[in-house]
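return atomic coordinates for the entry below.
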Amino acid sequence: MSHARIALLVLALTTACGRAPDPVQQVSRDLERYPEYSVVIEDLKVEEAFFPDYFLRLRLTMAGGQRQAGKDTLVFEEKVTNWQEVTERVFARYEHYLGMVVASKSRDGKRSTPGQAHPAGYQYVGNSQYGHWGGGGGFWQFYGQYAFMSAMMGGHRVGRGDYDDYRRNRERGRPHYGPVSNGRKTFGTAGTQTQKTKPNFYRRHRQRTASGRGFTSRSNTRSGGTSRFGK
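Take a look at the predicted model:
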């Protein structure tokens, strides 16, 4: 897909009349032409009004095939959309997945859905094309040219036990939030690592909390979900 087409895709998402039914589903369909892609919930916000307005921002990572130095290779490209206004129901679908992949396709054609949400970058762990297990097999190490994959995780190192849990959760159709320490998840909207890498979101959350407003959508609360980042 050309840069112009990607720009048109983002423009279409941001200028569509009314609220997009589900921008994650929309953009995933268009990215199917790529051999690899992922869609990450880059940011979330709620704007107060008589009826609150709900917004998502997406980070798209696409891999396109190119021939370099006589070899077939994948070249990765990233785009961040503008804010996408969505319905309360769509917002509730993604509100616990800040910084996480909610849709993806790997080079072998395997796809993931929001029910299999996982930290950005985990889908590349265990693939010898992108890195290797460190001495003693303790933590995954990306090759230098794929350092951006490590950056997706904010410097978090993936151990074998965590990776095995990720694979089991994916096979069972469950989200994976990384290791749990002292009752707290590492990734997702409630994650300790997310709190370090998404300061703007947490600044808005503190402002809403100070004014007596929660963050969780009303539809999530009505359906029995919990507030405060799903904790």
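
and the longest strand seen in the chain, how far out from the chain middle?
Using DSSP state E to define each element, the chain has its longest strand at strand 53-68. Counting by C-alpha atoms, centre = their mean, to the nearest Å, strand 53-68 is centred 10 Å from the centre of its parent chain.

same question for stretch 105-125.
On C-alpha atoms, centre = their mean, the centre of stretch 105-125 falls 10 Å from that of its chain.

quick one: mean pLDDT over it.
Mean per-residue pLDDT for stretch 105-125: 93.

buried ones in that stretch?
For stretch 105-125, a neighbour-count test (16 or more other C-beta atoms under 10 Å) marks 105-106, 112, 114, 116-125 as buried. (C-beta placed from N, C-alpha, C; glycine too.)

and which of those residues is nearest V75?
Y124 (14.7 Å; C-beta to C-beta).

is it true that that closest one touches Y130?
Yes - the criterion here is C-beta atoms under 8 Å, and Y124 meets it with Y130 at 4.7 Å.

ok, V46 to Q195 distance?
18 Å (C-beta to C-beta, to the nearest Å).

who has more neighbours out of these two?
Per other C-beta atoms under 10 Å, whichever of V46 and Q195 has more neighbours is V46, with 20 against 17.

which neighbours do Y124 and Y130 share?
142, 146, 149 (C-beta atoms under 8 Å, 6 or more residues apart in numbering).

restricted to strands, list these.
Taking DSSP E, the ones among these that sit in strands are F142.

burial count for H132?
Residues near H132, counting by other C-beta under 10 Å: 13.

again with V75
Using other C-beta under 10 Å, V75 has 10 neighbouring residues.

for D22, same thing?
18.

same thing with M149?
Close neighbours of M149, defined as other C-beta under 10 Å, add up to 22.

F51 versus that one, what's the distance?
For M149 relative to F51 (C-beta to C-beta), the value is 40 Å.

my guess is G64 contacts R107. True?
No - at 11.7 Å, G64 does not count as touching R107 under the criterion of C-beta under 8 Å.

common neighbours of those two, please.
With C-beta under 8 Å, 6+ apart as the test, G64 and R107 both reach 35, 74.

and R208, which helix or strand is it part of?
Element membership for R208 (DSSP states H and E) is helix 199-210.

in that helix, what counts as buried?
Going by neighbour count (16+ other C-beta under 10 Å), the buried part of helix 199-210 is 201, 204-205.

that helix packs against which elements?
In terms of contacts (3 or more C-beta pairs under 8 Å, 6 or more residues apart in numbering; DSSP states H and E), helix 199-210 is packed against strand 36-47.

could you figure out how far the strand it packs on is turned away from strand 53-68?
160 degrees (axes from the mean of the first three to the mean of the last three C-alpha atoms, to 10 degrees).

what segments of the protein are strands?
Using DSSP E, strands in the chain cover 36-47, 53-68, 71-80, 84-86, 100-105, 111-112, 118-119, 131-133, 140-142, 180-181, 184-185.

so which of those comes closest to H156?
Nearest to H156, of the strands of the chain and by C-beta to C-beta, is strand 118-119 at 7.5 Å.
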